[in-house]
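Undergrad: Take this sequence and fold it.
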Amino acid sequence: MKSFISIKEFTKNEILEILKRAKELKETPNVELIKDKIAATLFFEPSTRTRLSFTSASFRIGAKVLGFDSPSATSLKKGESLRDTIKMTEGYADVIIMRHLRDGAAKFADDVSCVPIINAGDGANEHPSQTLLDLFTIQEEQGRIDNIVTAFVGDLKYGRTVHSLARALSKFEGQKFYFVAPEEIQIPEEITHELDEKGIEYKLVSDYKEILKEVDVLYMTRIQKERFEDEALYERMKGVYVISKDSIVGKCKENMIILHPLPRVDEIDIDLDDTKHALYFKQAKNGVPVREAMIGTALGKLDINYKEKEQNEVVKNKTRVCTNNNCITAFEQTDNKVEIVNGRKYCYYCGKEI
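TA: The predicted structure is shown next:
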């Protein structure tokens, strides 16, 4: 049993092995890989691509699928806890694929579940399946993952796809990052702290136009209205970056690719869709074989050589210690665990420094 909770838990070689299995499944489909298995898709937050992609992936490798795409139609409306929902679902399915609006919800679910958990996005924290399909697309289009210059543009504070991809790319050689955002929604300090510890080169900038000639991957994100506690701040931030054919074509590297986790709102003009730089729809399509590989791996049907990891010290607390208002510890009864890494304390669930 292998859960997919955070991209931080995987080594570079493990990531490459998963991508290799995804490529094999893309080229040679296997409709009986997990025949007679059941996958549960629990989506506590709206989703189109991720939910449909995981469902398609499950069907394409032989599984049956059950689940929900709206918590309003479940016992959660009656006040059922996430803990009880997971304990109930593990009796119905062989793997649980979950998206949740709370940071650290996937880690909490993995703690209480007897079947593997695949994190399909937990609040503003992480989105490992999106990260793996992003890496798969970069590898296919650029021919490599090492020595890549990536510009992340938009909502970098709340963008879980950005957090996961930056962490994943930092495992590969020769990375350089540009974080393009207004100060109010710039990349969180816990991410830059991790990059500092690894010696990864990065710059915080507010304008993407000056760096286009350096960039291999332009990773656009939307300004996520649902993540903002301050509506006035959202109103100031929305529409801050909009790219179009006029602002990109002829002004960037010939082989630069534009990725986006989707959905887009107004940050990418549709006139870019038919250019060679626009890869976001192909990127979304790549989610199917990547998620096939994740499900097959989680259920032990694909041979991945995992390296045993050293465990950091974890301390339980009687009362809540995480100061992140959206952490799962604020909504569920947990052990309020703290993970100690190199003398620094982090919430075991959401990863925020304490």
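Undergrad: All the helices of the stretch 151-300 of the chain, in order from the start?
TA: 160-169, 189-198, 231-237, 245-248, 280-285, 287-298 (DSSP state H, counting those that start in this stretch).
Undergrad: so who does the residue nearest to the spatial centre of the chain touch?
TA: In the chain, the C-alpha nearest the mean C-alpha coordinate belongs to residue 127, at 1.6 Å (CA atoms, centre = their mean). For residue 127, the contact set (CB atoms under 8 Å, 6 or more residues apart in numbering) comprises 119, 120, 121, 160, 161, 164, 261. Backbone N, C-alpha and C define where each C-beta goes, glycine included.
Undergrad: from the residues you listed, which is closest to residue 29?
TA: Nearest to residue 29 among those: residue 120, at 22.2 Å, using CB to CB.
Undergrad: excluding its backbone neighbours, what's nearest that closest one?
TA: Using CB to CB, 6 or more residues apart in numbering and skipping residues adjacent in sequence, the residue nearest residue 120 is residue 99, 4.1 Å away.
Undergrad: Just give me the neighbour total for that neighbour.
TA: 25 (other CB atoms under 10 Å).
Undergrad: Tell me how far it lies from residue 303.
TA: Using CB to CB, to the nearest Å, one gets 28 Å for the distance from residue 99 to residue 303.
Undergrad: for the chain, what spans make up the strands?
TA: 38-43, 64-68, 95-100, 117-122, 149-153, 176-180, 201-205, 217-220, 257-259, 313-315, 338-341, 344-347 (DSSP state E).
Undergrad: And the average pLDDT for stretch 9-25 is what?
TA: Model confidence over stretch 9-25, given as mean pLDDT, is 95.
Undergrad: Tell me how far that stretch lies from the chain's centre.
TA: 15 Å (CA atoms, centre = their mean, to the nearest Å).
Undergrad: Buried by neighbour count: which residues of that stretch qualify?
TA: 10, 14, 15, 16, 17, 18, 19, 21, 22, 23, 25 (16 or more other CB atoms under 10 Å).
Undergrad: Check stretch 308-324 too.
TA: Neighbour-count burial for stretch 308-324 [16+ other CB under 10 Å]: 321, 322, 324.
Undergrad: Okay, and which of those map to helices?
TA: Counting by DSSP state H, no part of the buried residues of stretch 308-324 is found in helices.
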